[in-house]
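1. When you get a sec, could you give me coordinates for this:
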Amino acid sequence: MEISVRPTTPADLAEVDALLARAFPRLLKDAYPPSVRVTALPLIARAQPALLASGRYFAAEGEGRLLGVGGWSPDRGRPGLAHIRDVATAPEVVRRGVGRALLERIRTTAGAEGIRAFECLATRNAVPFYASVGFRAEGEVEMALQPGITFPAVLMRLDLAAWRGLS
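-> All right, here's what the predicted structure looks like:
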C-alpha cells in the first residue's frame, strides 16, 4: 500500500474527527473496560484544532482516503523534549505501515527542530508498537482529561539516539 504523509491544516478537522471517532473505540476495546471507555472516549477521540494547525501534526493518506494521523509538540519547559500526540490508525489498516510512516515523519521533523528525546502517553494496546522503535515504558499513569475524569496510560520515553528505525 502506498502511503503519503502531509501536515494537517484546520480544513482537515472534520475528517480527522471522523477517523478518531471511528478508530479509538475499536482500537481500545480490548485494552480498557467499558467503564473507562464510556467516560474517556468522548474526550480523547476528538481532533484538536490548534494541533491540526501547528505544522507538527500529520495525515497519512492512501487508497484515496485518510488512513491515520499523529504528531508531536515541544515541551515548553524542557528544551529538546517533545511529546508524541494523538497517533491513531484507521482500524482496517492497522499493521500495514501507517503508524510507522507517521512516526518516521514525526522523528524527522522533530529532529530537524532540535528535539533529542520523546515522551508519550501510550494507550495500553500501543505499548508494543512504541517499544518496537525503542521507546521504554516508565510505568502506568492516570492522565487527567477533565476534573474527575482520568484515563490510564503508559508513560514511555525515547532518546532519539536510541531510535531503532521502522523497517
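
2. Could you tell me the phi and psi values at the residue of the chain most remote from its centre?
-> Distance from the centre of the chain peaks at residue 148, with 23.6 Å (C-alpha atoms, centre = their mean). Phi and psi for residue 148, reported as degrees, to the nearest 10, are phi 90, psi 0.

3. In the protein, what residue spans correspond to strands?
-> Per DSSP state E, the chain carries strands over the ranges 4-7, 57-62, 65-74, 81-89, 117-122, 136-146, 149-159.

4. I'd like the ones you listed as a markdown table, with distance to residue 103, mean pLDDT and mean neighbour count appended.
-> C-beta coordinates here come from the backbone N, C-alpha and C atoms, glycine included. As requested, the strands of the chain are arranged in a markdown table below (distance: least, C-beta to C-beta, whole Å; pLDDT from 0 to 100; neighbours: other C-beta atoms under 10 Å):
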| stretch | distance to residue 103 | mean pLDDT | mean neighbour count |
| --- | --- | --- | --- |
| strand 4-7 | 10 | 98 | 14 |
| strand 57-62 | 10 | 97 | 22 |
| strand 65-74 | 7 | 97 | 22 |
| strand 81-89 | 7 | 95 | 21 |
| strand 117-122 | 10 | 96 | 20 |
| strand 136-146 | 15 | 94 | 12 |
| strand 149-159 | 10 | 94 | 17 |
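
5. In TSV, list these along with distance to residue 130.
-> TSV is the format used below for the strands of the chain (distance: least, C-beta to C-beta, whole Å):
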stretch	distance to residue 130
strand 4-7	18
strand 57-62	17
strand 65-74	11
strand 81-89	8
strand 117-122	5
strand 136-146	8
strand 149-159	5
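
6. OK, contacts around the most centrally placed residue in the chain?
-> When C-alpha atoms, centre = their mean is applied to the chain, the residue found nearest the centroid is residue 87 (1.9 Å). Neighbouring residues of residue 87 by C-beta atoms under 8 Å, 6 or more residues apart in numbering: 68, 69, 70, 71, 99, 102, 103, 126.
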